[in-house]
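K.L.:
Need a 3D model of the sequence below.
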Amino acid sequence: MTLDHIRQNLGRTWIIVLFGLVYLVSQVTILIILGPIEHSMLNLQLSGFSVAEYVSVFNSWEASGDMAYYRAHFILDDIHWVWYSVLFTALLSWLFERCEIPSERNWFLLLPLASGLLDWYENRLQHVFLSSRDLATIIDPLPLYSTLASDIKWLLALTYIVATIVLMARFRMKSGHHDPV
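P.N.:
Next up, the predicted model:
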């Protein structure tokens, strides 16, 4: 299977709609589950490079009873990366075709999958961290690896989300669907 084949076959409207809906439901549900700890979790995910930082946050969540939210979110988050990887690859494929992006740029279609696999890896490490009652499985350099995977995942996501927005604007202008100012 080549990137040209993926671009031609994945960029279908029904795939975008289906995975868009599944992604939206999954994302909203994860946000609802994480509500009480969303800010501290995002902070840990982006800057928790040390064992001390992870142990401190996890102990705080245990003491407040919020660790249950963190554990529960994995029910969806463990597969969530599939939804956004397919959604954005399909959406970019659709836009690449309509904006006549040269096939030499098809490598860009791999960015959603790369961010998804980093998300999967990060989640695997989080499961390791949670696998012992006393947090003894949070050992160096695993927090560093988890946070680097998360940071790169978010950087890739920002890159392909911005590209999607730019290509959507380009498509709208090209097709004459621009709003009067």
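
K.L.:
okay, CA-based contacts and neighbour counts for the rest of this
P.N.:
Noted.

K.L.:
Show me what the helix or strand in which Arg124 is found packs onto, helices and strands only.
P.N.:
Per DSSP states H and E: Arg124 is located in helix 111-129. Judged by 3 or more Cα pairs under 8 Å, 6 or more residues apart in numbering; DSSP states H and E, the packing partners of helix 111-129 are helix 67-98, helix 142-174.

K.L.:
what comes up buried for the shortest one?
P.N.:
Of the residues in helix 67-98, those buried under the neighbour-count criterion (16 or more other Cα atoms under 10 Å) are 67, 69-70, 73-74, 77-78, 80-96.

K.L.:
Can you name every helix or strand that that helix contacts?
P.N.:
helix 3-10, helix 13-34, helix 111-129, helix 142-174.

K.L.:
Can you point out the buried residues in the helix or strand just after the second one?
P.N.:
Past helix 13-34, further along toward the C-terminus, the next helix or strand under DSSP H and E is helix 38-47. For helix 38-47, the neighbour count (16+ other Cα under 10 Å) marks 38, 41, 44-47 as buried.

K.L.:
still on that earlier bit, return the most buried member of the helices and strands packed on helix 67-98.
P.N.:
Scoring these by mean neighbour count under mean count of other Cα atoms under 10 Å gives helix 111-129 as the most buried, with a mean of 20.

K.L.:
Any idea which helix or strand in the protein has the lowest mean pLDDT?
P.N.:
helix 3-10 (a mean of 92; mean pLDDT, DSSP states H and E).

K.L.:
Give me the residues contacting that helix.
P.N.:
Under the contact criterion Cα atoms under 8 Å, 6 or more residues apart in numbering, helix 3-10 has outside partners 89-90, 93-94, 96-97, 103, 106-107, 109.

K.L.:
Can you show me the CA trace of it as PDB?
P.N.:
Coordinates of each C-alpha in helix 3-10 appear next as PDB, following Å, rounded to 0.1, in the frame of the first residue of the first chain:
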ATOM      1  CA  LEU A   3       0.800   6.800   0.200                       C
ATOM      2  CA  ASP A   4      -0.800   7.600  -3.200                       C
ATOM      3  CA  HIS A   5      -3.200   4.700  -2.600                       C
ATOM      4  CA  ILE A   6      -4.000   5.900   0.900                       C
ATOM      5  CA  ARG A   7      -4.500   9.400  -0.400                       C
ATOM      6  CA  GLN A   8      -6.900   8.300  -3.100                       C
ATOM      7  CA  ASN A   9      -8.900   5.800  -1.000                       C
ATOM      8  CA  LEU A  10      -9.000   7.300   2.500                       C
END
